[in-house]
Structures are given as structure tokens and as C-alpha cells.
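# Give me the fold of what follows.
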Amino acid sequence: MDAPDLHNPELYTNRQISLLEFNRRVLAQAEDTRTPLLERLKFLCIASSNLDEFFEIRVAGLRQAQEMGVSQSGPDGRTPQEVLRDISQRAHGLVDTQYQLLNDGLMPALAEAGIRFLRRDEWSAEQQRWIREYFENSLLPILTPMGLDPSHPFPQVLNKSLNFIVSLEGRDAFGRNSGMAVVQAPRALPRIIQLPPGEPGNGPHDFVFLSSIIHAHVSDLFLGMEATGCYQFRVTRNSDLYVDEEEVDDLLRAMEGELQSRRYGDAVRLEVASNCPEHMARFLLQEFELEEEALYQVDGPVNLNRLLAVCDLVDRPDLKYPGFTPGVPPAAHHGMDLFKTMRRGDLLLHHPFESFAPVVEMLRQAAQDTDVLAIKQTLYRTGPDSAVVNHLVTAARAGKEVTVVIELRARFDEEANIQLANRLQEAGAHVVYGVVGHKTHAKMMLVVRREGRRLRHYTHLGTGNYHSRTARLYTDYGLLTANAAIGEDVHRVFMQLTSLGKVSELTHLLESPFSLHQGMLDRIAREQAHAEAGRPARLVAKVNSLVEPRVIRALYSASRAGVRIELIVRGMCSLRPGLPGVSDNIQVRSIVGRFLEHTRVFLFENNGEPEVFCASADWMERNFFRRVETGFPLLEKSLRDRVINDLETYLQDNTQAWVLGTDGEYTRLQPEGDQTPLSAQQTLLETYSDDH
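Numbering: from 1, shown residues only. Presented below is the predicted three-dimensional model:
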């Protein structure tokens, strides 16, 4: 049989379409009646938020590529125009499904549970009076309606802000009336307002939309005129920041300036109320210079993500996932000497099933330990009021050498990271912004401690960010180790990030953009060589995205040689499994559940001497070639065995697993016959948390 051309575009799925389909799997969690009701609402909001980012970044990038005359968007060979047409068709269907689920499924179920969103025609007289007072006291003083005429051009509209286009009859005091005006909802006010519980006619969880209040009283904004129509709209803009690092002297100042422009980037999508007249929708399209395919008419609030606030406002544990207490290994309980624990052996934490607290505790102890001389850390996302940052500030003020590599270009966290950088610098920490042209995405912490006449390195390496909140929502691995060779590797990577010099040879770590890509290819080739020699060969990889063409070709080649390849890919996957003579031995599944799957972990069978790597990187071009990333091995057998068991659990999931077909479509697995239902996330929760 002739060897196939592994560059053939038919062997690849478009990455953007694959990412859009991931959002369909998220939405399926909202559709699933087995999911607690408020969690279903939350998944609907997540799907909406994901779609926002998809347009802000992915669609915006394709439109730019189209304008620049780019001929194809990836190894699948499709043009940006072709992909944009496909996205439009799929995204319109996805949005229709979202609003149908909201109106016909979630809203009635929430009302039955005593959580009501009251429409204007449902307001009682008492409620109307309360809402009128709210409008006059909290809303009217800060609203600025804008009539449209030659001296009042169409206003600047912020990215993803709530706005209304209003049709008017009559003339004002100056005899003017263009027939239309725009009202922009104040950003300072919540989009969902809870009616006072306990007052006559109000239930314990009654809400009204800010948009409904504005609709009900819009004529009050145009005295002596009549508002004959009021329609919500929202525009989504290109939000990918661009800073030419070769041309700027101060990256922080450049980023501060660029953040302002994000709010008014080129429009890529227009959402309007479904009852908006056609001529007004076309007027808005013209104002934002958009084609008709960019118009999304929706039957409900134009920003579903705002409903997420209800999940926090409603105290109904019976409608949410059961709480749990993340496990803490006995050797890492609060107050124990973590440095002593790490000297006895490596610790592996699997978040969120196990607590992030030992990582924070390690930093706390380092900040207070007089024998600790230096702390070095990378920060990509940390969250507000971060305990990690507080301990770094304490350490710096105590006179320790604190070096923090902050990635200012962490998408949508840029502003928070600028504030973080300023705070750390004020405390006396050394703050650097990584390497020109490469995002620093590695998750590393290094503590240098004086012990007798020697200095010892204590290291934390992770697959996820130093963010306590996401550590309860994302699955990630974190390794705490006192291994001298790993500590020296991490020290060398930090030297590259903060200083100048040639690439250092590392003993255990693989590093992007230097050795991680080739290191993965070499290990795939090694499995292929085992298979070709008749030895058992197997590879398991768990990543968020798999789109890098050379890795995919290596996997195809290994599959043809007989390597059993099992891939757990949460989101984008350009590889097509099950192609005869190409990927017969490859299976791909996606796990979507309560927690966001975020671990990047790789198992190479290696003829009975398995090698397990964890990494901060996905199998994407950007991670391999345009970022600083680290892959780290688990050297202790007990930790390797534990991760292998975790992977086997994911491969046995038959309730939250979606299997990718050759045609690029996913099918959700269901227990068959007398097969026992198994959720990997629930199994791991029961295995590692302190509640079981």
C-alpha cells in the first residue's frame, strides 16, 4: 500500500470550526436536565461568553486575514472566506439554540423553582411603583440619550456594551426630529435587578432586566415626544491587542495605551432584538460597516452572560453542584514544614480535586523563612486580591530577592497584570516582562534557601496559573519538588527570561521555543520505532488543543506503524481519527463537565518503561514556537503511576465524554447495556477530595 500524503488538506479539520464545535458541547451541559438547574444557567452563560471571545479573537483574525488576501487559514487548505461562511452558518444555529433553550427550557424551569424574571406585562402595581422609583433615582440621572441628526452623529459604542436604538415621533423644543436616537446603558449599573424580597407581590427571587426598565420608561428621556420603538443592540469588536515590541521602549506603557483602543476595535458582530424592524437593523449594520451575515437577531437579552450574576444572588444549594472540600496530602497539611516535606520526596497535586493551598503555603513559608534568600516566579493570570501576590510583596518588603516575570499580554487580563506589576515594583520586587516576541506562559516558582554551607532549590511547576479561583474550577497538575537537577533547570530558564545569553542545555525540562516541540516529536518517533520492532507501543496525550501540523503528521505516521494512540482533547482538534491507512489506531475524545479540563499531560509507554510529562503548553504552533513554555517529567514512579491511573479514568468516562468521528463530528458517549455509568471528574473527586 502506497504511503499517503500526510500534507493532504483532507486529513485535517479547520481549527476555528473545531473550536466553535467545542462551544456546542458546552451548551449541551446547559441542555442536560441531569445538570443542576442553576449550573445549567451557568453553562449557558459560559457558552455565551465563549462565543463572545470567539468573535473578538477568531472571527476578527479571519476577517483581517481576508482583508490581507491570505489564501488559506491552516493545513486544511480552506480560505478565510470559506471558513467565515461556515462559521456564520454554524454560529447562527448555535445562537438560535441558546435562546430557544433560555426561553423554552431554563426560564420556565427557573420560574417553577421560584426564580422569576418578570416581564413588563407581568409587573404588579406595587412593582411598577418600585421600578419607577429605581428608574428616577438610580437610572435617569446618569442616562444620556443621544438624538441622531447632522450635529449629533452616531455615538461611539463600546465593545459588548448594552445599547438601545429608539424610534421617535414628534418634535423637540428646537423643532428637531430625525426619527431616531441611541440610549447607552450605564456600565456602572447591574444588568439584572432583584426586587426587594418580602414586599407585597414579590417572591424571594424575583428579578427584572435593566433593559426592561429602560424600555418601560424610554419616553421619559424625550420630553414631548413619543418613543414608538425601543430595541436592544450590542456590537462585538476585534479585541486582539497588537503591540510591535521591536518598536517600543516600554512594553508596560505601550500596553496601557493599547488597552484603550480595544474598546473601539473594528466591529465583527451585531446583535439586535428579534423584534427590531428591518430598516433599523440595516441602519445599524451600515453604521458598523458590517455585512448582513454579521447580524444576529435574538429573542431575549443581547448579552446572556449577564445572567451569571443570578447564580451568585440566589442561595439555593439544591440547584447547584454539591460543595466539596479539596483534598490535602497528609504531608502538606497547613503548618507543616513544606521544605522538609519536599526533601523527603516529590508532591503532586491534582486540582481542583486537591487543594491549591499547599502552593500558597509554600510561598508563605518562603516569604517568612529567614533562610530563604530569593524567590522567582512567573505570573500569567492571578486574579484580584491574590494571596500569591500578597506573599511576594511580603517577601520583597522583608528584603528577599524577589523576581517576578509578568506576562502583560495575558489576553483579557492585561489591565490586571499592569496593576500587579506596579504593585510588586513598589514593594521592591524585580519585575520583568519576559522575552520580546514570546509570551511567557510557563508556570514556575523557584525558592532559593540557605541550608548550612549550600543553597538548595525548591520548585513548583504547574500546568495551570497561580490563580486560587481557577484552581477550584480548572483541572491542573502541580509538582512540588526539591530535585536538584530540576531546580537547576528552572533556574536556567529564569536566567533566560531575565538576562541575556545563549540557550542553556537542560537536564530534565523541555522548553519552548527550543526543545519542547522536538522533544515531543522524538518521543512519538520512539513509540513508532517500538511498534515497527514488534514491541508494545502506546501514547496517551491530554491537551486543550491539538492543531500543530508536524505533531499531527507524526501521530499519523506512528498510527500507521501500529502505535495505539489515545488523545483527550478538550477543544480544538485538527487531527481526524479513524481514517483508513492513516489514523486507524487513533481515538480522540473530549471531556466536558463540571470542571474545565486544563491539564496537559503525556504518557509514552516506552516499551514498559513509561515516561510521563506534564506541561504548560498545548500542541499548538503558538505554544511551541511563540511562547516560553515548560514540560516537566514525573521522575518518581509513584507519581507516574498515579497520573497513568488518572488518564485511564478519563479514558473510561462514558457520561461526559464526546468521541470525535472521522467526519469531524462529536458523539456523546452513553453507558451501554449493563455498563456502569462513569464520570471521570466525579470519580477523581471521590478519590482525592476530603469529603470521601
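# Every contact and neighbour count from this point should use C-alpha atoms.
Fine.
# Show residues contacting stretch 480-488.
The contact list for stretch 480-488 (C-alpha atoms under 8 Å, 6 or more residues apart in numbering) reads 339, 342-343, 345-348, 359, 446, 456-461, 507-509.
# Would you mind writing the ChimeraX command to select the buried ones in the residues you listed?
The ChimeraX selection below is limited to those of the contacts of stretch 480-488 classed as buried (16 or more other C-alpha atoms under 10 Å):
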select :339,342,346,347,348,359,446,456,457,458,459,460,461,508,509
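# Restricted to helices, list the contacts of stretch 480-488.
339, 342-343, 359 (DSSP state H).
# What pLDDT is listed against Glu247?
Per-residue pLDDT puts Glu247 at 41.
# thinking again about what came up before, with distance to Gly114 and pLDDT as added columns, please give the ones in helices among the contacts of stretch 480-488 in JSON lines.
Below are the ones in helices among the contacts of stretch 480-488 laid out as JSON lines (distance: C-alpha to C-alpha, whole Å; pLDDT from 0 to 100):
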{"residue": "Phe339", "distance to Gly114": "51", "pLDDT": "96"}
{"residue": "Met342", "distance to Gly114": "51", "pLDDT": "96"}
{"residue": "Arg343", "distance to Gly114": "55", "pLDDT": "96"}
{"residue": "Val359", "distance to Gly114": "41", "pLDDT": "96"}
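# Packing partners of the helix or strand encompassing Val448?
Using DSSP states H and E, Val448 sits in strand 444-451. Counting contacts by 3 or more C-alpha pairs under 8 Å, 6 or more residues apart in numbering; DSSP states H and E, strand 444-451 is packed against strand 372-379, strand 454-462, helix 484-498.
# So Leu596 is in contact with Ala471, correct?
No. Here Leu596 does not reach Ala471: they are 10.1 Å apart, not a contact under C-alpha atoms under 8 Å.
# okay, these two: which has more neighbours?
Ala471 (22 against 18; other C-alpha atoms under 10 Å).
# Please report the distance of that one from Cys45.
Going from Ala471 to Cys45 by C-alpha to C-alpha, to the nearest Å gives 20 Å.
# so what's Glu451 up against?
So Glu451 contacts Asp371 (C-alpha under 8 Å, 6+ apart).
# Now do the helices in the stretch 501-650 of the chain.
Per DSSP state H, counting those that start in this stretch, the stretch 501-650 of the chain carries helices over the ranges 516-532, 549-561, 621-625, 637-652.
# helices or strands up against the strand ranked longest in the chain?
Scanning the chain for the longest strand, with DSSP state E as the assignment, gives strand 226-237. When contacts are defined as 3+ C-alpha pairs under 8 Å, 6+ apart, strand 226-237 packs onto strand 163-169, strand 267-273.
# weakest of these by average pLDDT?
When I compare these, strand 163-169 is least confident, with a mean of 92.
# Could you give the separation of it from the chain centroid?
Between the centre of strand 163-169 and the centre of its host chain there is 36 Å, according to C-alpha atoms, centre = their mean, to the nearest Å.
# Pull out the buried positions in stretch 660-674.
So for stretch 660-674, counting by 16+ other C-alpha under 10 Å, buried means 660-662, 664, 666, 668, 670.
# Revised request: answer the last question for stretch 594-609.
So stretch 594-609, judged by 16+ other C-alpha under 10 Å, has buried residues 594-606.
# If you rank every helix and strand of the protein by mean pLDDT, what lands last?
helix 251-262 (a mean of 48; mean pLDDT, DSSP states H and E).
# what's next to stretch 35-45, contact-wise?
So stretch 35-45 is contacted by 26-27, 29-33, 98, 106, 109-110, 304-308, 311, 318-321 (C-alpha under 8 Å, 6+ apart).
# if we go to 6 Å?
With contact meaning C-alpha atoms under 6 Å, 6 or more residues apart in numbering, stretch 35-45 is reached by 27, 30, 304-305, 308, 319-320.
# Tell me the secondary structure at the nearest residue to Asp86 once chain neighbours are set aside.
In space, and not counting its chain neighbours, Asp86 is closest to Ile17: 7.7 Å by C-alpha to C-alpha, 6 or more residues apart in numbering. Under DSSP: H, G, I helix; E, B strand; the rest coil, the three-state class of Ile17 is helix.
# any idea how far Gln656 is from Ile17?
21 Å.
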